[in-house]
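Asker: Requesting a structural model of the entry that follows:
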Amino acid sequence: VNTGDDDAFYGMCVSPDIDTVTYTLAGVANAEHGWGRADETWATRDELARFYGRAWFNLGDRDMATQLYRTERLAAGARLSAITADVARAFGVCARVIPMSDDSVRTFVKLRGRKAIPFQDYFVRGHARGVVEAIELRGAEQARPAPGVTAAIRGSAATILAPSNPFVSLGPIFALRGVHAALRAARARVAAISPIIGGKTVKGPADKMLRGLGMEVSALGVARLYRDIASVFVLDRADRALAPEIERLGMRPVVTNTIMSTPARAARLAQVVLRAVGV
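Answerer: Numbering: from 1, shown residues only. A predicted model of the protein is given here:
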């Protein structure tokens, strides 16, 4: 799981992507928001507004319990990977959830006419406004993958690159030493799913980032980013006309419905992708 979005709020160490994955697997995620806990309350956030002003990054009362536990453990010297495993177990998650690194990597976004700002400031506080000129992954060159990351890629029956932002969700993971090489070696069983449908994203700023970075805003534009690490590229039916061009990249195009609007549709997409890589 990406940790480039991690940040500190109210003295707490927050790992948004890790928590979203853990809460989703535990069945306690807020499906309406796509982040945080279901049935959340906001008393602590509202009281904190007395001292800090109105919050632009929302943490609910239930969610704060996770942040407080993580912060205390980190201060005591525990590794993020160990803490993440303990949190997953506490929520009854059987799957292994691994942060990309125990080392600090922070994603900064450079907007036209402005200095680079942390990702949460760009995405949450700034509502992803502005023309993106560059993505900076500070600390990535020195960071090492967390224990089990490259082994998982080498030993898994399949690796699926989810329809996430290729620059700020998957990009920080790829940037870690050894990860890109492990994916390239496993390319025959790596599948990528396009986050772009009909020239737009369903959610998030991937289309804005592609455009700002001078790349084609399409499933084909994303496929070009993954051509050396994925042998299968899954695109939505709306983009079926791009399949021949993707095939010319040396990737096998798989056309299906990629919009996961319900758990049943998500399960069907997963089955299609797993079959495509022979699982």
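Asker: From here on, just use CA atoms for contacts and neighbour counts.
Answerer: Fine.
Asker: Tell me who's in contact with P253.
Answerer: V232, F233, V234, L235, A243, P244, I246, E247 (CA atoms under 8 Å, 6 or more residues apart in numbering).
Asker: looking at this, the second one is in a strand?
Answerer: Yes - applying DSSP: H, G, I helix; E, B strand; the rest coil, one finds F233 inside a strand.
Asker: neighbours around it, how many?
Answerer: Residues near F233, counting by other CA atoms under 10 Å, number 29.
Asker: is it true that A143 lies in a strand?
Answerer: No - counting by three-state DSSP, A143 falls outside a strand, being coil.
Asker: pretty sure it is touching S101, no?
Answerer: Yes - with contacts counted by CA atoms under 8 Å, A143 reaches S101, the gap being 6.9 Å.
Asker: ok, these two, which is more surrounded?
Answerer: Legend: neighbour count by other CA under 10 Å for A143 and S101, higher for S101 (25 against 17).
Asker: Let me see the backbone angles for the more buried one.
Answerer: phi -160, psi 150 (degrees, to the nearest 10).
Asker: For beta bridges, what are the partners of it?
Answerer: P145 (DSSP bridges).
Asker: could you measure it against R79, distance?
Answerer: 9 Å (CA to CA, to the nearest Å).
Asker: Same question for I173.
Answerer: For I173 relative to R79 (CA to CA), the value is 18 Å.
Asker: and the two? which has more neighbours close in?
Answerer: Comparing I173 with R79 by other CA under 10 Å, the one with more neighbours is I173, at 25 against 16.
Asker: Tell me if I'm right that the more buried one and V105 touch.
Answerer: No - I173 is not in contact with V105 according to CA under 8 Å; the separation is 9.7 Å.
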